[in-house]
Structure formats: structure tokens, C-alpha cells
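**Student:** okay, here's the prediction I keep looking at, along with the sequence it came from:
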Amino acid sequence: MATRDDDREIETPQQGHMPVMLSEAVKILAPRDGECYLDCTFGGGGHTRAILESADCKVFSIDRDAAAAKRAESIKDEFGDRFEFINANFSQLDKLQTDGYAGVLFDFGVSSFQLDDSSRGFSIMRDGPLDMRMNREEGESALEFVNGAPEDEIAKVLRAYGEERRASAIARAIVRARAESPIETTSELAGIAGSVSHSRERIHPATRTFQAIRIKVNNELGEIEEALPKAFSALKRGGILAAISFHSLEDRIVKRFFKSMAGLPQDRFDRSYAQDRVKRAELITRKPLRPSEGECKMNPRSRSAKLRAIKKESL
């Protein structure tokens with residue numbers, strides 16, 4: 001059974017950005033003087049800053065959200081040439097000039113900055129225009145998808161990316177509502193999904209709908225599938241690849257890729273022969289690390305986080 005939700009969709013009064021599993025990520029990467037590291041999801045810069053502070057190293061950071069560039073300025077001012085920010089999708093990391101990283105880190109999903117900004121359209125509880133794009137300069141917005149996609153496509157997206165049991169009913173409700181007038185705000189969409197999905201779970205009944213549409217418009221799973229092999233290739237021998245995921249769809253991709261690199265069956269359905277598998281890495285985390293109880297209390301959005309890591313073979 002898939003995980004029930006992406007906890008970063010659960011709204012709290014908290015504002016601002018709290019990097020998830022910060023100490024665990026830095027401990028696994030174990031930054032060293034003179035080495036180069038890649039943070040593929042800059043967000044608020046918490047992981048980047050911690051890496052830079054833990055060793056005399058250099059960090060390249062990527063974020064598709066142009067708003068992150070402004071947040072990166074203070075880190076650039078403080079660390080100078082030891083830090084470089086690139087505004088791009090992390091699936092484009094192979095286009096960077098630098099490889100031979102001693103460590104690469106991913107922190108998937110939507111950032112607190114994006115959730116807390118109602119104008120971005122990610123939030124269920126904060127009313128704003130439907131958008132949900134991490135890069136507002138490219139791709140189809142949630143507004144365009146919700147008001148333009150056929151009913152069967154909406155249902156398919158809700159089922160595949162939100163694992164929503166009432167996908168068909170919610171899709172019908174969306175199509176019925178937009179026939180009267182366009183669905184333009186997050187509160188409208190949340191109300192429509194909530195009126196159909198009478199969930200008794202602790203999460204908002206529209207959580208899976210928002211998660212699914214967000215994943216769709218940002219091609220989040222496709223980005224992860226494309227980026228992980230590129231990140232592994234960019235590692236130097238003995239380098240660490242670490243990934244923090246927030247729901248089962250992300251974690252499944254990471255788990256399968258890491259096991260493949262470790263020469264292990266990807267899952268219980270993998271019927272490949274052992275002699276055909278190639279071990280290129282060692283699993284650092286046989287089971288994913290989870291945030292501490294203290295972190296979960298301080299930052300409820302971290303509750304569903306899972307951290308996995310592998311080490312590229314030295315020879």
C-alpha cells in the first residue's frame with residue numbers, strides 16, 4: 001500500500017523554510033575540504049549552507065524556481081566562489097561544466113516557500129490562483145490542466161499520481177463544475193475535491209488531488225527518473241548520492257534505482273539473473289532513515305520524509 005500522503009501538503013501555522021533531515025543528510029555526505037558537492041534542490045538553501053559550513057568545500061546548487069535565485073544571493077555573499085547557483089531543472093545537471101562530485105543531494109517535492117506563498121497555487125488552505133508550477137515560466141499550469149483536460153485524463157492523473165481512490169468521482173465533479181464557470185482558485189478546487197472525497201483520515205480530503213496535479217504539471221516523477229542516473233554518473237569514485245523523498249511514488253523510484261546500482265533486485269517482481277546485474281555502488285541505507293521525533297514535532301511537514309543513500313564504488 002502506498003504512503004497516505006505527502007506531509008508537506010498538510011498545512012500548519014508555521015512560516016518559512018526548515019530543511020528536512022539536515023543533520024542526517026550532512027552526516028551521510030560527510031563533506032571534506034577541497035571537494036565539490038551538488039545540491040540538486042536548493043529551495044531555501046538550508047542543506048547548501050550546512051554543507052558549506054561543515055567543510056572548506058565548493059557547492060553547486062540547482063533550482064528550477066527563479067525565486068530561489070534571490071534567496072541564493074545571501075549565501076553567495078557569504079561564501080563567494082565556494083558557491084554557485086544555477087536556475088535549471090535538476091534533470092539538466094549533466095549540462096553543468098563540473099563533474100567529479102564527492103556528493104550529490106536531492107530533496108524532492110515542493111518547498112515551504114512555495115507552499116506558504118498563496119500566489120503559487122500549491123496550498124490547500126491558503127486561497128490563491130491555480131498554478132502549481134515550480135517554474136512559472138514554462139509548462140502547463142494547474143489552471144490549464146483542470147479546465148482543459150478530458151475527464152478520463154484527470155481521473156488517470158488523480159489515480160496514478162495521487163493514488164486517489166475516488167479519482168473518477170472527483171474528475172466528474174471537476175468537469176461538472178468547470179462547465180458552469182472556470183475553476184480558477186485553490187479554494188475552488190479544494191472544495192470540489194472535498195465535496196466528493198469524504199475522507200476520515202487526518203489529511204485534508206483534497207490532499208491527494210493537489211499532490212497529483214502538482215506532480216503532473218511539474219513532471220516530477222519524470223524529472224527524478226531522468227536525474228538520478230545523471231547524478232550517479234557525475235559522482236567521482238567513492239562519492240555519495242543521497243535522496244530525501246516525501247511520498248511512495250518518489251521513494252519507489254529512488255529505491256529501485258539505488259538497488260539497481262548496488263547490483264540487487266529492484267523489487268520482488270525483478271526476475272533478472274544475478275549474473276546479469278552489475279554492482280556499481282554500495283547501499284549506505286539498507287532501510288531509509290526517518291526524521292527524529294523532535295524534528296517531526298518542530299516541523300510536521302517532515303513526517304513522511306525518507307532518506308536513502310548509496311556510495312559509488314571506488315574501483
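**Tutor:** It's in. Numbers count the residues shown, from 1 in each chain.
**Student:** which stretches of this protein form strands?
**Tutor:** Taking DSSP state E, the strands of the chain run over residues 36-39, 58-63, 83-87, 101-107, 235-245, 281-283, 306-312.
**Student:** so what angle separates the directions of the fifth one and strand 101-107?
**Tutor:** So that's strand 235-245. For strand 235-245 against strand 101-107, the angle by axes from the mean of the first three to the mean of the last three C-alpha atoms, to 10 degrees is 10 degrees.
**Student:** give me the sheet partners of strand 235-245 and which way each runs.
**Tutor:** strand 101-107 (parallel), strand 306-312 (antiparallel) (DSSP bridges).
**Student:** now for Asn87: which residues touch it?
**Tutor:** Residues near Asn87 by C-beta atoms under 8 Å, 6 or more residues apart in numbering: Ile62, Asp63, Arg64, Asp65, Ala66, Ala68, Ala69. Where you see a C-beta, it was placed from the backbone N, CA and C, and this is true even at glycine.
**Student:** can you list the weak-confidence ranges in the stretch 51-200 of the chain?
**Tutor:** For the stretch 51-200 of the chain, applying pLDDT under 70 flags the ranges 197-200.
**Student:** mind redoing it with 90?
**Tutor:** 66-67, 95-99, 109-119, 121, 123-126, 136-139, 196-200 (pLDDT under 90).
**Student:** hey, where'd the helices end up in it?
**Tutor:** Under the criterion DSSP state H, counting those that start in this stretch, the stretch 51-200 of the chain contains helices at 67-79, 112-116, 142-148, 151-162, 167-180, 186-196.
**Student:** among those helices, which is nearest Leu264?
**Tutor:** When the helices of the stretch 51-200 of the chain are compared by C-beta to C-beta, helix 151-162 sits nearest Leu264, at 26.2 Å.
**Student:** quick one: that closest one to chain centroid distance?
**Tutor:** From the chain centre to the centre of helix 151-162 is a distance of 20 Å (C-alpha atoms, centre = their mean, to the nearest Å).
**Student:** which residues does it contact?
**Tutor:** With C-beta under 8 Å, 6+ apart as the criterion, helix 151-162 contacts 145-146, 149, 164, 167-168, 170-172, 174-175, 208-213, 215-216, 221, 249.
**Student:** buried sites along it?
**Tutor:** Neighbour-count burial for helix 151-162, counted by 16 or more other C-beta atoms under 10 Å, picks out Ile154, Ala155, Lys156, Val157, Leu158, Arg159, Tyr161, Gly162.
**Student:** residue contacts, Leu105?
**Tutor:** Ala25, Leu29, Tyr37, Leu38, Asp39, Cys40, Thr41, His47, Ile51, Ala242, Ala243, Ile244.
**Student:** any quick PyMOL command for the buried ones out of the residues you listed?
**Tutor:** In PyMOL, a selection of the buried entries from the contacts of Leu105 looks like this (16+ other C-beta under 10 Å):
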select buried, resi 25+29+37+38+39+40+41+47+51+242+243+244
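**Student:** and which of the contacts of Leu105 is nearest to Thr285?
**Tutor:** Ala242 (8.6 Å).
**Student:** quick one, what contacts the nearest residue to that closest one once chain neighbours are set aside?
**Tutor:** Nearest residue to Ala242 in three dimensions, chain neighbours excluded: Ala309, at 4.0 Å (C-beta to C-beta, 6 or more residues apart in numbering). Listed by C-beta under 8 Å, 6+ apart, the contact set of Ala309 reads Ile28, Ile240, Leu241, Ala242, Ala243, Phe258, Leu283, Ile284, Thr285.
**Student:** as JSON lines, these with distance to Glu313 and pLDDT would be great.
**Tutor:** Listed next are the contacts of Ala309 as JSON lines, based on distance: C-beta to C-beta, whole Å; pLDDT from 0 to 100:
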{"residue": "Ile28", "distance to Glu313": "17", "pLDDT": "98"}
{"residue": "Ile240", "distance to Glu313": "12", "pLDDT": "98"}
{"residue": "Leu241", "distance to Glu313": "12", "pLDDT": "98"}
{"residue": "Ala242", "distance to Glu313": "16", "pLDDT": "98"}
{"residue": "Ala243", "distance to Glu313": "18", "pLDDT": "98"}
{"residue": "Phe258", "distance to Glu313": "13", "pLDDT": "97"}
{"residue": "Leu283", "distance to Glu313": "12", "pLDDT": "97"}
{"residue": "Ile284", "distance to Glu313": "12", "pLDDT": "97"}
{"residue": "Thr285", "distance to Glu313": "16", "pLDDT": "96"}
